[in-house]
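Chemist: predicted model, plus sequence, below.
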6 protein chains.
Amino acid sequence: MAPPAASAAAPPANVSAVLPLELMDRCIGSSVWVIMKSDGREIVGTLRGFDDYVNMVLDDVTEYEGRGDSRKVTKLKQTLLNGANICLMIPGGTGPSE
Amino acid sequence: MAPPAASAAAPPANVSAVLPLELMDRCIGSSVWVIMKSDGREIVGTLRGFDDYVNMVLDDVTEYEGRGDSRKVTKLKQTLLNGANICLMIPGGTGPSE
Amino acid sequence: MAPPAASAAAPPANVSAVLPLELMDRCIGSSVWVIMKSDGREIVGTLRGFDDYVNMVLDDVTEYEGRGDSRKVTKLKQTLLNGANICLMIPGGTGPSE
Amino acid sequence: MAPPAASAAAPPANVSAVLPLELMDRCIGSSVWVIMKSDGREIVGTLRGFDDYVNMVLDDVTEYEGRGDSRKVTKLKQTLLNGANICLMIPGGTGPSE
Amino acid sequence: MAPPAASAAAPPANVSAVLPLELMDRCIGSSVWVIMKSDGREIVGTLRGFDDYVNMVLDDVTEYEGRGDSRKVTKLKQTLLNGANICLMIPGGTGPSE
Amino acid sequence: MAPPAASAAAPPANVSAVLPLELMDRCIGSSVWVIMKSDGREIVGTLRGFDDYVNMVLDDVTEYEGRGDSRKVTKLKQTLLNGANICLMIPGGTGPSE
């Protein structure tokens, strides 16, 4: 079953809470920058869909492996990212600077 | 309980959302390229089935371990991949270039 | 299904129990310091929301990678942290001393 | 709750889908080769049972640790494998060639 | 949904079973020593609360990173530990000897 | 919700299936040898209880860290092992030979 809204997200009066899945919802159709967990792989693409385990479907994907001179960049039409292996997602992110 | 469709995948008007399990559904019977999490193992095969934890059954499997000269390639008739250990899946992927 | 409150948190008379999601609730709108699991990445930001899998939305984020001279500091407007990859969260934390 | 059958495994007409738990079911009483996630440990044994988290009970087990000359082989009467730590399972597999 | 008591913990007559969440319940208000998974971080503190995913809230925390001369010890008022990243918990533990 | 018995464990006529939690049930009150996932830590103790996430309570525990001359052996009265971090459990096991 999908987790309900956070149990008691009654933030202070002046702060409007943003739930994780709400944030993902807002990103559909726009670019996201995702940093994967185990090997530091970074992925930028257009978010097409997601589910409650934070699995994601991305289109027009650029995958960055490694750093500096040994960095390998791969273009992929579409990919499914496993939520369990995602470290963090940056809305509107354009990927690593170098 | 299987996660329902993403809670609120109401994308912008011009963008049709693609849910992770929908994408997998479309791949049944075709080739997928799967990059595993922990040891960078890469696997190409025909997707025969999957479940809601992204566990997958692949046929006619080629498994790539390591890189460059030390790469080991193994052919397997059939294999079950554990969803918890999958980093990403590329529909129609044919595996690493080298 | 979202986990209910801890099954039997009947602490000794003089100790009031604090449930994990209660603690997170109290942190909405304030600064938290999060240490990620796999690569020792540390993140400080304002907690905007969370869900029952301890996924978090942070605003005004500072991300610390690596240590000492090779430390890289990145500023990000907003980020989604995957609960599965969080090691620990320190309420009101201001990040690593160096 | 146990995951139901994959939500929409309606494969192309000529491809019969095989669900992960179906494949495991067929392997009960026969030999399986399991590659563990974190330390590349490989295990061969007779599958006696499993559950929906892909936890497995194996009998007449041979455990392979390490590779080449430093490989350590251990015989065990029975063992429980934690599904979360399984990378992949090969039905009928007889273990690493070396 | 919280996992029920272990399905069939009918131990031998002379052995009274202790369920994991029961053990945690007994530790509320007392000191616990927790060894984290990925980087060997060790944490000692007073257990204030927990949930069914073994997420924990600790007060008066001492955090040990690294070993011997390079060990770093940090004092923290309160911290949330992610259950997914806990290796083991020792009731009444006082932390690493060195 | 606890996973039900494996969905379709109808083994061949001559093979009686053993479900993972059944095997653990039989081990209550006896010695088990547990190999942890991330750092190769090995633990031997008397199984006192477990739950459906394979979290375990062990009594009279011997913990083995590292190998050969640098091996560290620690005795602990009682410990809670996190199921997510267990690689495999050997019923009646007495621990590493060296």
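Modeler: Perfect, I can see it now.
Chemist: contacting residues for the residue nearest the centre of chain A?
Modeler: In chain A, the centroid-proximal residue (CA atoms, centre = their mean) is A:Met89; its distance is 3.5 Å. Neighbouring residues of A:Met89 by CB atoms under 8 Å, 6 or more residues apart in numbering or on different chains: A:24, A:27, A:32-35, A:56, C:79-80, C:82. Using the backbone N, CA and C atoms, a C-beta is placed for each residue, glycine as well.
Chemist: what does A:Tyr64 give?
Modeler: A:41-44, A:71-73, A:95-96.
Chemist: name the member of those residues with the most neighbours.
Modeler: In terms of neighbours by other CB atoms under 10 Å in any protein chain shown, the contacts of A:Tyr64 top out with A:Ile43 at 26 neighbours.
Chemist: if it is in a bridge, with which residues?
Modeler: A:Val34, A:Glu63 (DSSP bridges).
Chemist: any idea how far it is from C:Lys37?
Modeler: Using CB to CB, to the nearest Å, we find A:Ile43 at a distance of 19 Å from C:Lys37.
Chemist: doesn't A:Arg26 belong to a helix?
Modeler: Yes. The assignment for A:Arg26 (DSSP: H, G, I helix; E, B strand; the rest coil) places it in a helix.
Chemist: now for the closest residue to it other than its chain neighbours: which residues touch it?
Modeler: Spatial nearest neighbour of A:Arg26, excluding adjacent residues (CB to CB, 6 or more residues apart in numbering or on different chains): A:Pro91 at 7.3 Å. Neighbour list for A:Pro91: A:23, A:26-27, A:30, A:32, C:77-80 [criterion: CB under 8 Å, 6+ apart].
Chemist: related to what we said a few turns ago, so how far is chain F from the residue nearest to the centre of chain A?
Modeler: 22 Å (CB to the nearest CB, to the nearest Å).
Chemist: what helix or strand is that residue on?
Modeler: strand A:86-91 (DSSP states H and E).
Chemist: remind me which residues of chain A are low pLDDT?
Modeler: Within chain A, the stretches with pLDDT under 70 are A:1-15, A:38, A:98.
Chemist: now do the helices in it.
Modeler: Remark: helices assigned in chain A by DSSP state H are A:20-27.
Chemist: okay, strands next: where are they in it?
Modeler: Remark: strands assigned in chain A by DSSP state E are A:31-36, A:42-50, A:56-65, A:72-81, A:86-91.
Chemist: out of those, nearest to C:Ser16?
Modeler: C:Ser16 lies closest, by CB to CB, to one member of the strands of chain A: strand A:86-91, at 33.0 Å.
Chemist: up against chain E, what does chain A have?
Modeler: Contacts of chain A with chain E, taken as CB under 8 Å from any CB of the partner chain, are absent.
Chemist: hmm, back to that, excluding covalently adjacent residues, which one is nearest to the residue nearest to the centre of chain A?
Modeler: The shortest distance from A:Met89 to any non-neighbouring residue, by CB to CB, 6+ apart, is to C:Leu80 (4.4 Å).
Chemist: okay, now A:Gly92: neighbour count?
Modeler: Residues lying near A:Gly92 (other CB under 10 Å) number 12.
Chemist: contact partners for it?
Modeler: A:27, A:30-33, C:77.
Chemist: can you check A:Lys72 too?
Modeler: Per CB under 8 Å, 6+ apart, neighbours of A:Lys72: A:64-66.
Chemist: so A:Val32 touches A:Val44, yeah?
Modeler: Yes. Using CB atoms under 8 Å, A:Val32 is in contact with A:Val44, at 7.3 Å.
Chemist: can you check which residues contact both of those two?
Modeler: A:Gly93.
Chemist: whichever of the contacts of A:Gly92 end up buried, select them in PyMOL.
Modeler: Those of those that count as buried under 16 or more other CB atoms under 10 Å in any protein chain shown are selected in PyMOL with:
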select buried, chain A and resi 27+31+32+33
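Chemist: can you lay out the contacts of A:Gly92 as TSV showing distance to F:Gly49?
Modeler: Below are the contacts of A:Gly92 laid out as TSV (distance: CB to CB, whole Å):
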residue	distance to F:Gly49
A:Cys27	43
A:Ser30	48
A:Ser31	49
A:Val32	43
A:Trp33	44
C:Lys77	47
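Chemist: which among the contacts of A:Gly92 gets closest to chain B?
Modeler: Of all these, chain B sits closest to A:Ser30, with 8.2 Å by CB to the nearest CB.
Chemist: surely A:Val73 touches A:Gly66?
Modeler: No. The pair A:Val73 / A:Gly66 is not scored as a contact, 9.6 Å apart, by CB under 8 Å.
Chemist: show me what from chain A comes close to chain F.
Modeler: So chain A never meets chain F (CB under 8 Å from any CB).
Chemist: wait, what's in contact with A:Val73?
Modeler: A:62-65.
Chemist: drop anything exposed from the residues you listed.
Modeler: Neighbour counting with 16+ other CB under 10 Å marks A:62-65 as buried within the contacts of A:Val73.
Chemist: adding distance to C:Leu19, write those out as TSV.
Modeler: Converted to TSV, the buried ones among the contacts of A:Val73 look like this (distance: CB to CB, whole Å):
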residue	distance to C:Leu19
A:Thr62	41
A:Glu63	39
A:Tyr64	39
A:Glu65	40
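Chemist: give the contact list for the nearest residue to A:Met36 once chain neighbours are set aside.
Modeler: Of all residues not flanking A:Met36 in the chain, A:Asn85 sits nearest, at 5.6 Å (CB to CB, 6+ apart). A:Asn85 sits next to A:36-38, B:37, B:86-88 when contact means CB under 8 Å, 6+ apart.
Chemist: go with 7 Å
Modeler: Applying CB atoms under 7 Å, 6 or more residues apart in numbering or on different chains, we find A:Asn85 in contact with A:36-38, B:37, B:87.
Chemist: looking at these, which is nearest chain C?
Modeler: The closest of the contacts of A:Asn85 to chain C turns out to be A:Lys37 (CB to the nearest CB; 4.9 Å).
Chemist: and that closest one, how many neighbours?
Modeler: 24.
Chemist: over to A:Phe50?
Modeler: Residue neighbour count, defined by other CB under 10 Å, stands at 28 for A:Phe50.
Chemist: I figured it hits A:Met56, correct?
Modeler: Yes. Using CB atoms under 7 Å, A:Phe50 is in contact with A:Met56, at 4.8 Å.
Chemist: any chance of the contacts of A:Asn85 in TSV, with distance to F:Val18 too?
Modeler: Below are the contacts of A:Asn85 laid out as TSV (distance: CB to CB, whole Å):
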residue	distance to F:Val18
A:Met36	37
A:Lys37	34
A:Ser38	33
B:Lys37	29
B:Cys87	32
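Chemist: of the residues you listed, just say which sits nearest to chain D.
Modeler: Once CB to the nearest CB is applied, the member of the contacts of A:Asn85 that ends up nearest chain D is B:Lys37, at 7.3 Å.
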